[in-house]
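K.L.:
Any chance you can model this:
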Amino acid sequence: MSSSSLPLTKWIDMPPVWLAGFIAIAWAQARYWPVGLSLASPLTDLLAGLLIGGGVLLMLLAFAEFRRQRTTVIPHRTPERLIQSGIFTRTRNPIYLGDAMILAGAVLLVDAVPSLVLVPLFVWLIERRFIVPEENRLRRSFHADFARYERKVRRWL
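P.N.:
Residues are numbered from 1 along each chain as shown. Next up, the predicted model:
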């Protein structure tokens, strides 16, 4: 296996797969176990659209920085550069923040009110499964530069 390839289990264990799974759970809850709770309104639909659109925008801005800096976006790899420009001046994790926003928007869009608890659960899981290990790799690779960046820019907002 070449160093540029990842085992199938690592490709499956990616944030977009987790996001899709959480959205599927919210959809199933709304479809099969609606429990009579609803936030459905034009305002809720607008908020859902803003959250999803904002999440996608954050991700696009982050991907543009990864491309500009010519470093990896894949969570299980160590990046060649520490990105501290663009959207990364506002949040250390714009892609994960975008994922959480998309999940919240999707939950509102399908009117899965009880599934709103999935949003903090998703954030906790992403933090433990991806962010903490990534930050540990960045600490080992970029030492003082990462320490300064970590003090200057918050993990989420």
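K.L.:
Return the residues in contact with the residue nearest the centre of the chain.
P.N.:
Nearest residue to the geometric centre of the chain (Cα atoms, centre = their mean): Tyr96, 1.9 Å. Contact analysis of Tyr96 by Cβ atoms under 8 Å, 6 or more residues apart in numbering lists Pro15, Val123, Ile126, Glu127, Phe130, Ile131, Trp156. Just so you know, the C-beta spots here come from the backbone N, C-alpha and C atoms, and that holds for glycine as well.
K.L.:
go with 7 Å
P.N.:
Neighbour list for Tyr96: Pro15, Ile126, Phe130, Ile131 [criterion: Cβ atoms under 7 Å, 6 or more residues apart in numbering].
K.L.:
Any idea how far the helix or strand hosting it is from the middle of the chain?
P.N.:
In the assignment (DSSP states H and E), Tyr96 maps to helix 94-109. Its chain's average C-alpha position is 8 Å from that of helix 94-109, according to Cα atoms, centre = their mean, to the nearest Å.
K.L.:
quick thing: my sequence starts at 259, can you match it?
P.N.:
Will do, 259 is the new start, and the previous item becomes helix 352-367.
K.L.:
That helix: what's the following helix or strand?
P.N.:
Counting by DSSP H and E, what follows helix 352-367 is helix 376-384.
K.L.:
Tell me the helices and strands packed up against that following helix.
P.N.:
helix 273-290, helix 352-367 (3 or more Cβ pairs under 7 Å, 6 or more residues apart in numbering; DSSP states H and E).
K.L.:
okay if I get the contacts of Tyr354 as a markdown table plus distance to Leu315, neighbour count and pLDDT?
P.N.:
Formatted as a markdown table, the contacts of Tyr354 follow (distance: Cβ to Cβ, whole Å; neighbours: other Cβ atoms under 10 Å; pLDDT from 0 to 100):
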| residue | distance to Leu315 | neighbour count | pLDDT |
| --- | --- | --- | --- |
| Pro273 | 17 | 18 | 96 |
| Ile384 | 19 | 23 | 97 |
| Phe388 | 21 | 20 | 96 |
| Ile389 | 20 | 18 | 97 |
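K.L.:
what comes into contact with the helix or strand where Pro391 lies?
P.N.:
Secondary structure from DSSP H and E places Pro391 in helix 390-410. Helix 390-410 has contacts (Cβ under 7 Å, 6+ apart) with Pro333, Thr336, Leu340, Gln342.
K.L.:
Cheers, nothing more for now.
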